[in-house]
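# Build me a structure from this.
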Amino acid sequence: MDSLSSMFDDVKRMDKRQFCYQVLSFGMIVSSALMIWKGLMVVTGSESPIVVVLSGSMEPAFQRGDLLFLTNYEEEDIRVGEIVVFKIDGRDIPIVHRVLKLHEKEDGTIKFLTKGDNNSVDDRGLYAPGQLWLDRKDVVGRARGFLPYVGIVTIVMNDYPKFKYAVLACLGLYVLIHRE
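Reported below is the predicted structural model:
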């Protein structure tokens, strides 16, 4: 408790110029992170270049909490066996599954069916009502690499929102009172 009061004493001792400098530094950190994210979006062609595996449906290939790196180049064809991340209309969270079958129409458009490696049936039950195949527009990206268990922090913060706000508050407070 003593260290908390000493932190607030540090903030009280700051003059307005120092405090404004700290707020601007915090703003620069946040805007730099956003610029890096937008840059990754441009380079990878994906609206979400990094995703976390949220379920065990892709075990043993990917575990819950693995961090996936995605690309989504339009000129590359989707192939059977490839791991894709896709979004379904009406669902906010993207799904990471493997392409099971391809279906090429007479006009040259390709549709595909997906399935989780650890699931017993294909994903038609997950698709929007009346949708039997996925289109290219549904794809957020294709898995190109991963870091095991790095995304578990995201899962913990989503499962325990109070913990997330406490961590963010501590980081913000640290940036504001840290003078270097």
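# Quick check: which ranges of the protein have low pLDDT?
Within the chain, the ranges that satisfy pLDDT under 70 run 1-14, 179-180.
# where do the strands sit along it?
50-52, 67-71, 83-86, 95-104, 110-115, 139-147 (DSSP state E).
# May I have the beta-bridge partners of the residue nearest the centre of the chain?
Closest to where the C-alpha atoms of the chain average out (C-alpha atoms, centre = their mean) is Val51, at 3.2 Å. Beta bridges link Val51 to Leu68, judged by DSSP bridges.
# How about the contacts made by it?
Counting by C-beta atoms under 8 Å, 6 or more residues apart in numbering, Val51 makes contact with Leu67, Leu68, Leu70, Val85, Pro94, Val96, Val140, Gly141, Gly151. In short, each C-beta sits where N, CA and C put it, glycine included.
# Contact partners for the fifth one?
So the one you mean is Pro94. Shown in contact with Pro94 (C-beta under 8 Å, 6+ apart): Ser48, Val51, Val85, Phe86, Lys87, Val140.
# Next up, the contacts around the first one.
Going back to what we said before, that points to Ser48. By C-beta under 8 Å, 6+ apart, the residues touching Ser48 are Met41, Leu70, Val85, Pro94, Val140, Gly141.
# Write the PyMOL selection for whichever of the residues you listed are buried.
Buried residues within the contacts of Ser48, by 16 or more other C-beta atoms under 10 Å, are selected in PyMOL with:
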select buried, resi 70+85+94+140+141
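# Same list, the contacts of Ser48, but as TSV with distance to Phe163 please.
Shown next, in TSV, are those (distance: C-beta to C-beta, whole Å):
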residue	distance to Phe163
Met41	28
Leu70	27
Val85	26
Pro94	23
Val140	27
Gly141	28
